[in-house]
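Asks: Fold the following and give me the result.
(one chain, ligands or ions: 1)
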Amino acid sequence: MTYYFRENLLSGPILSPRRPTINEFFLSSYTMSIYVGCEMGCSYCDGWVYSPRPLNETIHVPLNLPQLLAEELTTVNRGDLIAITALSDPYQPAEQTYRITRQVLQVFADAEQPCLILTKGLGIVDDIPLLQHMNERSLAIVMTTLVTMDRQVAERLEAKSPATHLRLEMLAALKRAGIPVGVAMVPIIPYVNDTITATRALLRACAEIGVDFVIWDYLNIPDERHRMRINETLVRIVSYLPGYYRDIYGNEALPNTQYRAERDAELLTRWDSMNIEARAPHRLFANRLNPCNEAALLLKHMAFRDMAYGRMHMAAFHRQMADQVYGGNIQPALLERSPLYATLQQVLHLTN
Ligand code: SF4
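Replies: Numbers count the residues shown, from 1 in each chain. Predicted coordinates:
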């Protein structure tokens with residue numbers, strides 16, 4: 001049973017503080033959520049960690065959030081992208097009744113504010129005309145999370161979310177409407193969906209509908225409560241060996257560096273062989289963001305490839321340049337050392 005609490009917020013902020021480094025997955029400088037709590041309650045969701053009560057038990061509906069957001073947007077640079085990606089789904093069932101997300105998108109549309117929305121909720125297709133309008137005037141990207149093509153595994157991990165094939169149909173409808181779409185294969189769950197067969201099946205499905213990019217990230221287990229929830233889920237999926245998780249996680253929140261490095265290299269090779277982008281391609285955000293943000297993303301995406309292919313020195317260099325440029329500190333003499341320099345020159349309007 002889920003309870004809805006309608007409330008008027010006394011004040012903001014609605015947005016997170018501006019990020020000190022640009023988010024390479026979601027292209028964002030700011031993050032926000034709309035509802036608090038998520039009725040879908042997927043067992044792997046980070047939202048459980050930050051919720052004192054069960055994540056799917058109570059949903060707070062902030063009735064005046066769009067008005068507060070409109071005021072706050074007057075302080076945001078239109079070259080910074082806002083991502084609605086944090087800890088609850090903007091198109092969970094509550095949206096059918098309250099339409100807070102639709103009002104937020106209207107606020108973004110009026111302000112010509114670039115945004116990215118991560119959702120599993122099929123209701124987003126009702127807002128396609130609004131998203132088209134936003135994408136024509138600024139930028140609107142939609143992403144969904146897909147974890148596995150195996151129906152039985154999906155039912156155990158995310159029983160209350162729309163089925164995988166329905167989420168793919170949702171992306172296909174958005175794509176046909178000209179809206180850029182991406183997939184978050186998040187989380188990669190060791191022993192469950194990190195195999196060649198599992199990732200290949202998911203990539204094929206994405207390729208068939210022309211998804212623009214597919215990112216991945218690893219299962220986060222930041223505390224003991226979440227570890228117990230994950231363990232309970234895993235025993236229902238596979239006859240897994242708890243020792244395997246102890247070996248790769250130890251007492252850390254993320255899999256160890258060796259597991260992630262090996263997996264990143266393997267997955268990127270597979271993505272490249274199937275011509276799937278592992279980060280949002282430049283064509284999606286070219287001339288749509290602040291030039292410093294655009295250049296910082298190119299540098300970060302290059303750093304990711306460097307890292308996956310073992311070019312550690314270049315990875316560190318590209319990351320450092322990304323953060324400097326994002327902060328407005330542009331040093332052409334240093335940027336010249338990057339193979340991206342010709343593109344960076346154009347983006348940042350640098351002269352020879
Ligand atoms: S739909 Fe998204 S936000 Fe909601 S519980 Fe699942 S993973 Fe978390």
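Asks: can we go C-alpha only for contacts and neighbour counts from here?
Replies: Will do.
Asks: Please determine whether stretch 24-40 lies in contact with the ligand.
Replies: Yes: contact between stretch 24-40 and the ligand, assessed by Cα under 6 Å from any ligand atom, occurs at 38, 40.
Asks: OK, now which residue of the stretch 201-350 of the chain is nearest to the ligand?
Replies: Across the stretch 201-350 of the chain, no residue is closer to the ligand than residue 219, which sits at 11.5 Å (Cα to the nearest ligand atom).
Asks: how many other residues sit next to that residue?
Replies: The burial count assigned to residue 219 is 18, neighbours taken as other Cα atoms under 10 Å.
Asks: Next one: the nearest residue to it once chain neighbours are set aside from the ligand, what distance?
Replies: Closest residue in space to residue 219, ignoring its immediate chain neighbours: residue 187 at 4.7 Å, by Cα to Cα, 6 or more residues apart in numbering. Remark: distance between residue 187 and the ligand (Cα to the nearest ligand atom, to the nearest Å) = 9 Å.
Asks: same check, this time on residue 123
Replies: 13 Å.
Asks: do the same with residue 140
Replies: Where the ligand is concerned, residue 140 sits at a distance of 19 Å (Cα to the nearest ligand atom).
Asks: Same check on residue 50?
Replies: To the ligand, residue 50 is 11 Å away according to Cα to the nearest ligand atom.
Asks: before we move on, what about residue 101?
Replies: The span separating residue 101 from the ligand equals 14 Å under the rule Cα to the nearest ligand atom.
Asks: I figured that residue hits residue 95, correct?
Replies: Yes: the pair formed by residue 101 and residue 95 meets the contact definition of Cα atoms under 8 Å, at 6.8 Å.
Asks: which one of these two has more residues nearby?
Replies: A side-by-side neighbour count of residue 101 and residue 95, using other Cα under 10 Å, places residue 101 first with 24 against 19.
Asks: returning to that earlier point: in this structure the residue nearest to residue 219 contacts residue 221, no?
Replies: No: taking Cα under 8 Å as the contact criterion, residue 187 and residue 221 are not neighbours in contact, 10.7 Å apart.
Asks: count of neighbours near the residue nearest to residue 28 when sequence neighbours are not counted?
Replies: Nearest-residue entry for residue 28: residue 81, 4.8 Å, with adjacent residues in sequence omitted and distances by Cα to Cα, 6+ apart. Residues contacting residue 81 under the criterion other Cα under 10 Å number 27.
Asks: Cross-check the contact I'm expecting between residue 81 and residue 32.
Replies: No: when contacts are counted by Cα under 8 Å, residue 81 is not listed as touching residue 32 (11.0 Å).
Asks: List, one by one, the residues from this structure near the ligand.
Replies: Applying Cα under 6 Å from any ligand atom, one finds that the chain approaches the ligand through 38, 40-42, 45, 47, 87-89, 120.
Asks: Next, give me the two most distant ones among the residues you listed.
Replies: By the measure Cα to Cα, 47 and 120 form the most distant pair in those, at 14.7 Å.
Asks: More neighbours: those two, which one.
Replies: Each of residue 47 and residue 120 had its neighbours counted (other Cα under 10 Å), and the higher figure belongs to residue 120 (25 against 20).
Asks: Please give me every residue in contact with the more buried one.
Replies: Contacts here follow Cα atoms under 8 Å, 6 or more residues apart in numbering; on that basis residue 120 touches 89, 91-92, 144-145, 161-162, 167.
Asks: Recalculate using a threshold of 7 Å.
Replies: Taking Cα atoms under 7 Å, 6 or more residues apart in numbering as the contact definition, residue 120 lies against 144-145, 161-162, 167.
Asks: Spell out the residue ranges of the strands in the stretch 201-350 of the chain.
Replies: Defined through DSSP state E, counting those that start in this stretch, the strands belonging to the stretch 201-350 of the chain, from first to last, are 213-218.
Asks: swap in the stretch 51-200 of the chain?
Replies: All strands of the stretch 51-200 of the chain, identified by DSSP E, counting those that start in this stretch, fall at 58-62, 82-84, 115-118, 140-145, 181-188.
Asks: can you list those strands in TSV and add distance to residue 152, mean neighbour count and mean pLDDT?
Replies: Listed next are the strands of the stretch 51-200 of the chain as TSV, based on distance: least, Cα to Cα, whole Å; neighbours: other Cα atoms under 10 Å; pLDDT from 0 to 100:
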stretch	distance to residue 152	mean neighbour count	mean pLDDT
strand 58-62	27	19	97
strand 82-84	29	24	98
strand 115-118	23	24	98
strand 140-145	17	24	98
strand 181-188	17	23	98
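Asks: Dihedrals phi and psi, whichever residue of the stretch 51-200 of the chain sits closest to the ligand?
Replies: With Cα to the nearest ligand atom as the measure, the residue in the stretch 51-200 of the chain that lies nearest the ligand is residue 88; the distance is 3.6 Å. In terms of degrees, to the nearest 10, the main-chain angles of residue 88 are phi -160, psi 150.
Asks: What pLDDT does the model give it?
Replies: Looking at residue 88, its pLDDT reads 96.
Asks: Can you name the residues that contact it?
Replies: Listed by Cα under 7 Å, 6+ apart, the contact set of residue 88 reads 33, 35-38, 47.
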